[in-house]
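S.K.: just coords:
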C-alpha cells in the first residue's frame, strides 16, 4: 500500500471511530429521552423529582459529549491528504520512535500490520512536530526523536 492509500485508510478508521462514538451518544440521548417521557408521577414525589434531575444531568453530560464529537468531525473534515515538506493536519509521519498520523486523538491504528498513532495537532507530540521537516529532531519525555519521512 502506498503512503496515499495508507493515509486514506487511517482517515477512514478515524472517521469510523467518530461515527461509532456518535452512534453511542445518540443512543444514550434517545434512551434518556425515553426515560424522561415515561417517568410518571408516583406517590413518592421526591423520588420522582430526584429521578428526573438525575436524567437531566445525564442528558447534559451526553450533550457535552455530542459537542465534542461534532468538533472531531469538523477537524476530520479539514484534513487534506496532500503531501508537503512540512508536517500539517493530515500528514503521515515516520520517526525513530514510531509512526504518526496527524488528525484526531484515536490512539493506535493498524494498516497492513504496521502501527500508527493517530494524534491530534494540539496533543503534546503534535505541538512539537507541526511544521517540522524530514531530518528535524525534537525532545519528548527525555528522548530525542528524529523525523525520518513525511507523506
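M.R.: Noted; the coordinates are in hand. Quick caveat: nothing in here was measured; it's all calculated off a predicted structure.
S.K.: Which positions in the lowest-mean-pLDDT helix or strand in the chain come out as buried?
M.R.: Least confident helix or strand, the chain: helix 45-78 with a mean of 89, by mean pLDDT, DSSP states H and E. By neighbour count, with 16 or more other Cβ atoms under 10 Å as the criterion, the buried positions of helix 45-78 are 55, 58, 62, 65-66, 69, 72, 75-76. Quick note: C-beta positions are derived from backbone N, CA and C, even for glycine.
S.K.: could you point out which element follows it?
M.R.: Under the assignment DSSP states H and E, the closest C-terminal helix or strand after helix 45-78 is strand 92-95.
S.K.: Run through who's touching that following strand.
M.R.: With Cβ atoms under 8 Å, 6 or more residues apart in numbering as the contact definition, strand 92-95 has outside contacts at 3, 6-7, 10, 87, 99-102, 116, 129, 145-151.
S.K.: switch the cut-off to 10 Å
M.R.: With Cβ atoms under 10 Å, 6 or more residues apart in numbering as the test, strand 92-95 has contacts from 3-4, 6-7, 10, 81, 83, 87, 99-103, 111, 114, 116-117, 119, 125-126, 129, 132, 134, 136-138, 140, 145-151.
S.K.: Name only those of the residues you listed that count as buried.
M.R.: Taking 16+ other Cβ under 10 Å as the criterion, what is buried in the contacts of strand 92-95 is 6-7, 10, 81, 87, 99-103, 111, 116-117, 119, 125-126, 129, 132, 136, 145, 147, 150-151.
S.K.: Take those and keep only those in strands.
M.R.: Members of those lying in strands (criterion: DSSP state E): 99-103, 111, 116-117, 119, 145, 147, 150.
S.K.: Output the residues you listed in CSV; the columns should cover pLDDT.
M.R.: Formatted as CSV, these follow (pLDDT from 0 to 100):
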residue, pLDDT
99, 98
100, 98
101, 98
102, 98
103, 98
111, 97
116, 98
117, 98
119, 98
145, 97
147, 98
150, 97
